Structure formats: structure tokens, C-alpha cells
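Chemist: I'll drop the sequence and a predicted model, then ask my questions.
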Amino acid sequence: MIAIIGGLVGLLLPAVQAAREAARRTSCQNHLHQMGVALQSYHSSHGRLPIGCVEWRPWRGTDQRQLAWSVYLLPYLEQQSLYDGLDLAKPFDDPANADAAATLLPVFVCPSSQRVEPTESPRGPSDYGGMYGERITSPNSPPKGAMLIDVAVSFRKITDGTSKTIVVAEDSRFGDGEWINGRNIFDQAFAINSAPAFENDMRSEHPGGAQCVLADGSVRFLAETLNLNVLAAFCTRAGGEITDDF
């Protein structure tokens, strides 16, 4: 009897784990859907997407603000009071922003995330990054994505089509991923879930791929087996590539 019960448990455990991961992936998808709606609302209000990073900080110890796109989405994610509590004239790590920046916002956390490294500070994490472009086919200079440094992109500039351009994607293994910190933008350089630990790239803990939100607000799951040229094309806003769907 004990052997039979043990065998049944062994058979059921993978199914239970798969069901739990399916629920976590659905929750992650919902987070990205909320961001997609917020991005559409932001664009409707401002005529452009939020800047990917305001005043990128090329080295530590400088006084650039390095504020992330996700900061400017807060009012569109029902976080107006948190947004009002930030001093956006000061850097992301200024003491004046410490209390607000420490807020854990579930919408920016993937339930499947198992960070290899914690963020370097008590600031609230983000498992999602803005798409700065791609380095798969050629250097990302000038940057090819929809989330840029100190430049806001409008839908009019996304000539590849809003349904074929990634704006935000998962990167749940990036140690500096924080919703206030403008380092949460990246240019894709590897196949999905294949980047080395030091890179900021599209990665998740979902088996087989990662999720993203496109400029039209739709959420898609990208398989690890996605052709690299197709992946690169969806990371650019105006590459002129001719691609089929994912």
C-alpha cells in the first residue's frame, strides 16, 4: 500500500508542479497586460511612450537621475500616490526617494521569478525591462528599440508596426532590475533564456521561453526556439524587416 501511494505521489507531483507554473505564467501575463494598457494610456495622454531611461548613468558616483520608464507608468497603474511621493528632480537612489522606491509593486514581479542575485539595494525589484534594441544582427548603434535613453518614441515612429514591436519583456535574472532604476532597459543579444548572468537580456523562469508586451498592448509568449533573425526583428521599431508572426 505504501509503495502504491508513493507511486501515485510520484505520478501526481509533476502534474501539480505544471499546474502551479501555468497559474504563475498566467499571473505574469496579467502583469504584462496591465503594463500594456498603461502604455497605451500613457501614449494617449502624451502622444508618445515613456522614455526608457532618463539620464543614463554610465558609471557609479555620477549624479544623473537614471529614472526608469516604469516610474512614469505609475499613475496609469493606479499608483498615483506613490508617484506623487517621488522627487523626480532627483536621482533614483537619492535619499529623498528611498522610502517610495522601497515599495514592492506586485505588477513588476513575475511569480515564477527566482532571482539568482538579489537587487543590490532595498529598492523594489522589477522582473521586466524596456526594449532598447538588438545586437543579434548588428550593433545597436543608433539604438533600434522603442524604449530609448532620453528620447521618447511615438507610435508614428514604430514603422515596423505596433503589432510587431516589443516594448517590454521579461528579464527576471537581472540583479539590478528595479522599477525605479533606469538600468531596466536592454538590447537583446542572445536567444531567449540563453544570456550569461552578467547580461541584461530577455530571460524568465517559465519553461520554454519568456513573455513580452507589444506596442499594440498585446501580450505574447516567445519560445526559446524562436529564430534569431525573427527575434531581432521584433526588437526593433523601424528595421524594415519582413517577418511572419511569432
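Modeler: Received the coordinates, thanks.
Chemist: and the gap between Arg20 and Cys110?
Modeler: 14 Å (CB to CB, to the nearest Å). For glycine as for every other residue, the C-beta is placed from the backbone atoms N, C-alpha and C.
Chemist: Of the two, which one has the most company?
Modeler: For Arg20 versus Cys110, neighbours defined as other CB atoms under 10 Å are more numerous around Cys110 (26 against 12).
Chemist: looking at this, the more buried one is in a helix?
Modeler: No. The assignment for Cys110 is coil, going by DSSP: H, G, I helix; E, B strand; the rest coil, so no helix is present there.
Chemist: Where do the strands of this protein begin and end?
Modeler: The residue ranges that make up the strands of the chain, judged by DSSP state E, are 53-54, 67-68, 128-134, 166-170, 185-188, 209-214, 219-223.
Chemist: possible to save these as a markdown table with distance to Asp84, mean neighbour count and mean pLDDT?
Modeler: Conversion of the strands of the chain to a markdown table gives the following (distance: least, CB to CB, whole Å; neighbours: other CB atoms under 10 Å; pLDDT from 0 to 100):
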| stretch | distance to Asp84 | mean neighbour count | mean pLDDT |
| --- | --- | --- | --- |
| strand 53-54 | 18 | 24 | 97 |
| strand 67-68 | 15 | 25 | 97 |
| strand 128-134 | 23 | 27 | 96 |
| strand 166-170 | 23 | 28 | 96 |
| strand 185-188 | 24 | 26 | 95 |
| strand 209-214 | 25 | 24 | 95 |
| strand 219-223 | 29 | 18 | 95 |
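Chemist: So for Asp93, which of those strands sits nearest?
Modeler: Asp93 sits nearest to strand 67-68 of all these, at 10.3 Å, using CB to CB.
Chemist: okay, the strands of the chain in JSON lines with distance to Gln29 next?
Modeler: Putting the strands of the chain into JSON lines (distance: least, CB to CB, whole Å) gives the following:
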{"stretch": "strand 53-54", "distance to Gln29": "25"}
{"stretch": "strand 67-68", "distance to Gln29": "21"}
{"stretch": "strand 128-134", "distance to Gln29": "12"}
{"stretch": "strand 166-170", "distance to Gln29": "10"}
{"stretch": "strand 185-188", "distance to Gln29": "20"}
{"stretch": "strand 209-214", "distance to Gln29": "6"}
{"stretch": "strand 219-223", "distance to Gln29": "5"}
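Chemist: Minimum distance to Phe234: which of those strands has it?
Modeler: With CB to CB as the criterion, Phe234 lies closest to strand 166-170 of these, at 5.2 Å.
Chemist: Pairing partners for the closest one, with directions?
Modeler: strand 128-134 (antiparallel), strand 209-214 (antiparallel) (DSSP bridges).
Chemist: Next, format these as CSV and append distance to Arg220.
Modeler: Below are the strands paired with strand 166-170 laid out as CSV (distance: least, CB to CB, whole Å):
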stretch, distance to Arg220
strand 128-134, 13
strand 209-214, 6
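Chemist: May I ask you to confirm that Tyr42 is in contact with Val71?
Modeler: No. Counting by CB atoms under 8 Å, no contact exists between Tyr42 and Val71, whose distance comes to 11.5 Å.
Chemist: ok, now which ones touch Leu105?
Modeler: With contacts taken as CB atoms under 8 Å, 6 or more residues apart in numbering, Leu105 has the following neighbours: 77, 79, 82, 124, 179.
Chemist: and the third one, how many neighbours?
Modeler: Right, Leu82. By the other CB under 10 Å criterion, the neighbourhood of Leu82 contains 18 residues.
Chemist: That one against Thr103, yeah?
Modeler: Yes. Counting by CB under 8 Å, Leu82 touches Thr103, with 5.9 Å between them.
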